[in-house]
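**Q** how would this look folded up:
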Amino acid sequence: MRYGAMFVALAFCATVLAQSKPPQSQMVGLVEKIGDKGKIDWQQGVIYGKGMGAIPTNEPNKAKAYLKARRYAVMMALENLLMVTDRVRVDATAYAEDFEVQNERIRTEVRGFVKGAEIVSERTTKLNGAPVVEVTMAVRMYGEDGLSRILIPEVAAQSSEPKSLPVVTKPLPQPASVPAPAVTGNAYTSVIVDARGLGIRPAMSPKIRREDGSEVWGTVSVSTDFAIEQGIVAYAKTLEEAKANRRAGSNPLIVRAIGYAKTPGRTDPVLSDNDVRLLLTANENSGFLNECRVIFVVD
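**A** You can find the predicted model right below:
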């Protein structure tokens, strides 16, 4: 097959894929794989998209052949990165693409944002026995140049009136490594919510909820600038990781989630009423919630 024909065929496939149903996601630790298109690393706050370009075998100049394939791989990586970015879970009820559907300005900004992606890796490999160039491109979720600067202000604007959601409670045994929370003389520096065993999924703008589904803390409660720069919460896979996180400080309050908000996103852990009172009392003394010093431990 001539390279031009191959390019057209691959471009046609790319168009069909872009218009088809979004790829299924799979959580592996704190990395969410979006089909074979890319992944979202929730712990590091980075979104990746991958693309491939076939190296034309009828091009005598190997350098030109490589560059042609690389250009196409970059184009495909950007297409896939946009698809992965659309699947970023913003809160309990919406993905990034939902905000784009509602607001043309956001859609335009997200597409411009993705075009600024950086190449983080490239290599020559084989696909069905044929040589290809594989390129991986990445964008950040947080910071001045992150996706958060587009979406978090919109979330804050829509969250001016906190909503109550139905919840599912699932009392779990208290792990031996988590002492029963108790108010001490030392001010707490953060809160670690142990949500393991509940299937909680990471999101850009999660909330902590009461047993009745009302919001204890979330987007409305924090500085928009801080949320854009650092993210609303940090995620960890173990208590040890959570305690070592810079948000934790020297004296984190550790509480055990007993359920989750009943939404497709399943992003919001639910605390017992006793732990909610403890959390709010502790926050009155040191204000750690206002500084987003919140860490969720998830599976």
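
**Q** before we move on, which element is the residue lying closest to S121 once chain neighbours are set aside in?
**A** Nearest non-adjacent residue to S121, counting by C-beta to C-beta, 6 or more residues apart in numbering: T136, 4.5 Å away. The C-beta positions use only the backbone N, C-alpha and C, and glycine is treated the same way. Counting by DSSP states H and E, the element that carries T136 is strand 130-140.

**Q** what does the helix or strand following that strand contact?
**A** Using DSSP H and E, the helix or strand that follows strand 130-140 in sequence is helix 148-158. For helix 148-158, contacts defined as C-beta atoms under 8 Å, 6 or more residues apart in numbering pick out 90-91, 96, 99, 103, 106, 109-110, 113, 141-143, 204-205, 219-220, 224, 227-229, 231-232.

**Q** buried sites along stretch 188-197?
**A** 188-196 (16 or more other C-beta atoms under 10 Å).

**Q** Need the residues that contact that stretch.
**A** 170, 172, 175, 178, 208, 236, 239, 242-243, 247-257, 260, 269, 271, 279, 282-283, 285-286, 288-289, 293-299.

**Q** Enumerate every residue touching K207.
**A** 91-92, 162, 215-219, 261, 267-268.

**Q** about what we covered before: what about the residue nearest to S121, neighbour count?
**A** Counted with other C-beta atoms under 10 Å, residues neighbouring T136 total 21.

**Q** Name the next helix or strand downstream of the longest helix belonging to the chain, please.
**A** In the chain, assigned by DSSP state H, the helix with the most residues is helix 62-86. Going down the chain from helix 62-86, the next helix or strand is helix 96-102, by DSSP H and E.

**Q** chain center to that following helix, what's the gap?
**A** With C-alpha atoms, centre = their mean, to the nearest Å as the basis, helix 96-102 stands 15 Å off its chain's centre.

**Q** Contacts for that helix, please.
**A** So helix 96-102 is contacted by 22, 85-88, 90, 106-107, 110, 147, 151, 154 (C-beta under 8 Å, 6+ apart).
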